[in-house]
Each structure stands twice: as structure tokens, then as C-alpha cells.
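In: A structural model of the following input is requested.
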Amino acid sequence: MEPEILRMKELVSELNEAAKVYYQGQDEIMSNYEYDKLYDELVKLEEKTGVVMSASPTIHVGYETISELPKEAHIAPMLSLDKTKEVAVLVDWLGEQKGLLSLKLDGLSVILTYENGRLSKALTRGNGEVGEVITNNARTFVNIPERISFDGRLVVRGEALIRYSDFEVLNNQTTEISEKYKNPRNLCSGSVRQLNNQVTAERRVHFYIYNVITTDYENDFHTKKEGLDWLAGLGFDIVPYKEVDNDVLALAVDKFSEEVTTCDLPSDGLVLTYDDVEYSRSLGRTAKFPKDSIAFKWQDELADTTLREIEWSASRTGLINPVAIFDPVELEGTTVSRASVHNISILKELKLGIGDTISVYKANMIIPQIYENKTKKNNCEIPEKCPVCGEKTELVSENGSVVLMCRNPDCYAKKIKALSHFVSRDALSIDGLSETTLEKLVNEKVIHSLTDIFYLENYKEIFVEMEGFGEKSYQNLLDAIETAKDVPAAKVIYSLGIKGIGLSTAKLILNTYPVSLSELKNLTVEQLCVIEGIGEVLARSFIDFFAEEKNQKLIQELEGILRIQYPQVSEEQPLKGKIFVITGSLTQFANRQECKEKIESLGGKVAGSVSAKTSYLVNNDITSSSSKNKKAKELSIPIITEEELIALISS
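Out: Numbering: from 1, shown residues only. Got it, this is the predicted structure:
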């Protein structure tokens, strides 16, 4: 990859990290001078190379919600690959040709089209003939260029995926087992096909190219490697590959097999393709497979064991999930003795029974799964009562699968999980109350409800005798509880555990309807649905929660205990309908976030980049030669100082 492209990617990462810290109100990691210096360096490199990455701070991809994903036919069928699990088959297949052996990435196939140097279309593979148009979502992929230095038409195929490191971060944001994502591929598929591309952006989807479908210069590439190297020079990330022939192919497979265990990219095998473009084209295809490529699937390490128990795991939302407990076996270097069965539908499909001989493996060498039930005794009983509270269970059809639910609102498992969620980082953020500690306090009958947490000063004797606690740690806990009482209203809403309502959604609701928590019960589904990013399902979940009398009582209690901070929104909306972009150093406001919040409180909106829709660019240095100033002048958009902004607000 060209040094300029590598430097651009470094700058994009550094600048975005600095902006993230800045806007979260944390200590700045670089001065405004340093930021502007790096920003200007990035602008110059973008101008020099003609490449602009989608995550570059010099552009801003607007978030948009659509009603459905339109469908469109591919210019050529997107075929699957023939497969083998035998290295000898690969060797025979390659023959005397030279090839490229690459990781078979485990995500979602996406086809990107660039025209006149800009991303113009993105399609999913779909059924191979017709895909879904996800152009808006693709523009939020972390590592693709929004603009390239090639003015012709370019169509490429690659894999959209979520890296293991990002997958782990997303899963760690919830302590609820039933709400954790099963694997990166499923999460990526749902993320790429969102109707609201803000969700896609939050999931940090990456894209790796493995094939040039068509380009105006396609005859200039004699080998596929030349094409991939050319694409890397345009700013694209390429799927990891090795050049091979028959002498080194087996060694290359072994090397990939070692590397994949520590690779951050989800992979379920390898792909071998002929390097010679003309030779590949001459082979044609079958009805199902192209003849120039073949997939190699990892030989899953299977182990037979005996199923001893189905454990039923209750959650905060009432889901009761079956977990298979079996005799310990060694898989991929670790001992495994349990695997999630996920739901009742899968339990019945496998016909599981106590004492069955089952084959287990690690999906993608990581997640324990049941591969096969060899004896199918089919004698597992679905509990009619919740294993935690003893109340009657209920079978419910949800998203095409049958799940087991506990409807008892006072279920012990729900209580522990709800308490744990209530004190978690994005909620009340109370250090010192782990799930284990909460279980002890519930068992000691110290805590019965969420608000009991704020009266723990009455139980010093219990705490100082509790393992892991002493007088100092007890006092630290009381201090943390007192500090937590100063809390933004959005965090309080999130802490309540309303199904589907995350912290960002809570902020959207409060910014649109700046009322007290107890007044939120007066909102309607229709009112919530006008908020960008909120559909009927989320709106109904929110409304149903606030309609319950016990929840109204809880909110009233919290309003009496907490010092809730509400968004400052003026009744007057002098900036309604106006769109602002803020750049440069500020002197009247503490930082850009404060300036942004002030504009939004008066009905205005703040965007990240200048466009034809921008009303004003706020910049104290009107003579600056920055890219935003240049753009504003090109579009005849007024550039105003802070003082002029304040005057505009006051007028």
C-alpha cells in the first residue's frame, strides 16, 4: 500500500479518536493547534492522492432511516464456491497454475460500485441474482474510501464483517446473556441490512476486497494480484492472501491454519483462485459455481461426548435459555463442557435427551456448538415452571423461533439482572456493586427493589462482615452511590431496562420531548415514531413500560432520590430549521460540545461537514484556508464568528 494512503489512515484514526474524546467532555488528547495541523495534513494528502476514506473527518456521512431496502439485479450472477476439506484436492485443482490463497472471511458479501471517483452503489449478494441496495449503510463502513483517484467505473466484491475485537466490545456493553450477540457474522448481517445507517456506523463494520468484478481498465491486469495491488493503492483494504503454486500450497494452508487462531478477522476457511486473469476468464462457470476459484473449509475438530443435563438459564427479560451440559472434552486446545442451545426450536430440532451421544465443536474455533446428536433420545422436558421463581412458564413464538418465557415480574433472576443493569456503567454507574454482591444483598433481604440501593447506609454491619468488604470499601460504595445521584435523565431511562431502549435512543427521546420522567407516560406511539431511528416496535416497548402503574411508582421514587439533569432546551426555537457546522477554536463556549448543545436546545441542528444544506459555518477565523471555509465560500454559505452566533441567538 502506498505510504500516502497508510499515512492518511493513521491520520483518520488519530483525528477521530481525538474528536471522540473531545465531544465526550473528557480530557483532550491533543490541542486544537495539533488537531488542525493534522487535519490540514490529511486534507493535503486527500487532495494529492484523490482518495478520501469514508471515516475521514473532512467529510460527514449523514444518517438516514428508510422504510425498506430496495432490491436490484446484479450485473453478473454472484455465485457460491465449490468446497473441499482436503488439501490434496486443492493441489490437484491448482495443477501447474499459480494461484492466490486467501482467507475466506465470515461476514456478508457486498458489491461496491464507484463512478467518477465516488461510491455510487452498494449491493448485498442476496440470492445471487438480486441483492439489496445498502449504499447508505456502506458509506458508514469504517475503512472504505468514499472517494478514490480513479474516475472510471469500478465494481468490486468483498466481505463486510465485524472484527472479533469490536464484537467483544459490543457484547461487553450488555451484561445480559440472552441479549448478547451469538457471533460476528450474524451481527454483521443484521448491521449491514439496517434501515437506519446510524446503527450500522455504531457496529464498526469493516470491508475487505477479494475480487475486481469490472473496471474500465480491466484488460490492463494480467494477474489478479496486480488488480488487488492497484486497489490497495486506491485506499481499499484487501483480504489477506498468499501467492502459491503446487510446491508451497500445502505449507501456505498450514500457515493460515496457525494464523487464523489469533487473527482479528472472522474466517471459516480459505479461498484458492487462479492468478491468471485470462485463464480464469476462459474457464467460465457451471450453473452453481465459478470454475476459477474453490473454497477450502477448515476441518472442524469434533469430539463425541455424553449429554448429562440441560440447564435452564433465566434472564432479566424473562427468557429462559437451554444450555447443554456434557462430559468435558478438549477442543482447539481448551476444555469444553457446555454449549448454548439458544432456544426451544433448536432443542427440538436436535431431539436432545439426557444420556445422548452428541458431537460438539467450536464454531470458527471459538464458540462451542452441538454439531450432531447421534442417539436422539428426545427426552428433554421443557420446564413448566421457572427454575428460579417456580412460576408457570410460557412458550412464545419470537422471530420465527419458539422461546421459553417466565412472566413473573418478581422472578429472582429478573431482579438480580435488573439490579446489575441498573448500576452498570451506562446507567447509574455505581462501582462496588457486582452481580455477586447484589445476589448476597438480595439473599440477606437488604435489597428488594432498585431504590433500596440508595439506603445501604443502614446496613453497615452486614457489609463489613461480607467477604471482600471492609469499612473502607463500604464507605467507598456509599460515596459512589451519592455521586451517582447526579445523573443525566437519559441514563436514568436506560437504567430502567426498557426492552430495546439504549442510551442513544433515550437521548433522542428527551431531546425531542424535554419533559420530566414522570411526564413521559403521556407520549404516544405516533409521537415517538416521528423521531428518526425509532420505529413502532421500539415505541410500543417504551409506551408499554410507562403505562404500568408499578413503573410509574418507581419513576416517582427515583425523581425524589436522584438529582436528575435534563437537556437544556429553550421554549423559544429561534434556530429551528437551521443547520450549523462548527470548526476551529472557540472562546465564548467551553468546547464544541457546549456550543452544539446550545444550538440544539434552540431548535438548530449541528452537522459534521459543510454541504448545500448548511445554513451557517461557525468559525472565529473567517480568513482561514481550511477545507470547510473553502467549501462554505464555494456554496455561498455565511461564515460567522461565535459573537455573531450569539447575536443570532439573541435576535
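In: tell me which residue is most central in the chain.
Out: Arg203 (1.9 Å; CA atoms, centre = their mean).
In: tell me the pLDDT at the residue nearest to Thr140 when sequence neighbours are not counted?
Out: In space, and not counting its chain neighbours, Thr140 is closest to Ala201: 3.8 Å by CB to CB, 6 or more residues apart in numbering. Quick note: C-beta positions are derived from backbone N, CA and C, even for glycine. Predicted confidence (pLDDT) for Ala201: 83.
In: how deep is Ala201 tucked in, by neighbour count?
Out: Applying other CB atoms under 10 Å, we find 20 residues neighbouring Ala201.
In: close enough to count as contact, Pro487 and Val423?
Out: Careful, residue 487 is Val and not Pro. No - Val487 is beyond contact range of Val423, at 11.5 Å (criterion: CB atoms under 8 Å).
In: compare those two (neighbour count), which wins?
Out: Shown here are Val487 and Val423; by other CB under 10 Å, Val423 has more neighbours (23 against 18).
In: which ones are touching the more buried one?
Out: By CB atoms under 8 Å, 6 or more residues apart in numbering, Val423 lies in contact with 429-430, 433, 438, 453, 484.
In: let me have those residues in JSON lines, extended by neighbour count and distance to Ile320.
Out: Listed next are those as JSON lines, based on neighbours: other CB atoms under 10 Å; distance: CB to CB, whole Å:
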{"residue": "Ser429", "neighbour count": "14", "distance to Ile320": "29"}
{"residue": "Ile430", "neighbour count": "20", "distance to Ile320": "28"}
{"residue": "Leu433", "neighbour count": "22", "distance to Ile320": "25"}
{"residue": "Leu438", "neighbour count": "21", "distance to Ile320": "20"}
{"residue": "Ile453", "neighbour count": "21", "distance to Ile320": "26"}
{"residue": "Ala484", "neighbour count": "21", "distance to Ile320": "31"}
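In: show me what contacts the nearest residue to Leu477 once chain neighbours are set aside?
Out: Once flanking residues are discounted, Leu477 sits nearest to Gly432: 4.0 Å by CB to CB, 6+ apart. Gly432 makes contacts with 473, 476-477, 480, as judged by CB under 8 Å, 6+ apart.
In: highest neighbour count among those residues?
Out: Within those, Leu477 tops the neighbour count with 20 neighbours, counted by other CB under 10 Å.
In: where does Val61 land on pLDDT?
Out: Looking at Val61, its pLDDT is 47.
In: repeat that for Gly284.
Out: For Gly284, pLDDT reads 83.
In: how about the closest residue in space to it that isn't next to it in sequence, phi and psi?
Out: Of all residues not flanking Gly284 in the chain, Lys291 sits nearest, at 6.0 Å (CB to CB, 6+ apart). The phi/psi pair for Lys291 (degrees, to the nearest 10) reads phi -90, psi 0.
In: the stretch 51-200 of the chain: strands as residue ranges?
Out: 52-53, 71-73, 82-84, 99-105, 108-115, 118-124, 130-132, 145-147, 154-161 (DSSP state E, counting those that start in this stretch).
In: ditto for the stretch 551-651 of the chain
Out: 563-565, 579-582, 605-607, 616-618, 639-640.
In: what's next to stretch 640-651, contact-wise?
Out: Contacting residues not belonging to stretch 640-651 are listed as 574-575, 580, 586-589, 595, 598-599, 602, 616-620, 622 [CB under 8 Å, 6+ apart].
In: can you say which of those are buried?
Out: 575, 580, 586, 589, 595, 598-599, 602, 616-620 (16 or more other CB atoms under 10 Å).
In: okay, those in JSON lines with pLDDT and distance to Leu554 next?
Out: Converted to JSON lines, the buried ones among the contacts of stretch 640-651 look like this (pLDDT from 0 to 100; distance: CB to CB, whole Å):
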{"residue": "Leu575", "pLDDT": "84", "distance to Leu554": "36"}
{"residue": "Phe580", "pLDDT": "90", "distance to Leu554": "38"}
{"residue": "Leu586", "pLDDT": "81", "distance to Leu554": "40"}
{"residue": "Phe589", "pLDDT": "82", "distance to Leu554": "37"}
{"residue": "Cys595", "pLDDT": "84", "distance to Leu554": "36"}
{"residue": "Lys598", "pLDDT": "81", "distance to Leu554": "33"}
{"residue": "Ile599", "pLDDT": "84", "distance to Leu554": "34"}
{"residue": "Leu602", "pLDDT": "80", "distance to Leu554": "33"}
{"residue": "Tyr616", "pLDDT": "93", "distance to Leu554": "43"}
{"residue": "Leu617", "pLDDT": "92", "distance to Leu554": "45"}
{"residue": "Val618", "pLDDT": "92", "distance to Leu554": "42"}
{"residue": "Asn619", "pLDDT": "90", "distance to Leu554": "47"}
{"residue": "Asn620", "pLDDT": "86", "distance to Leu554": "47"}
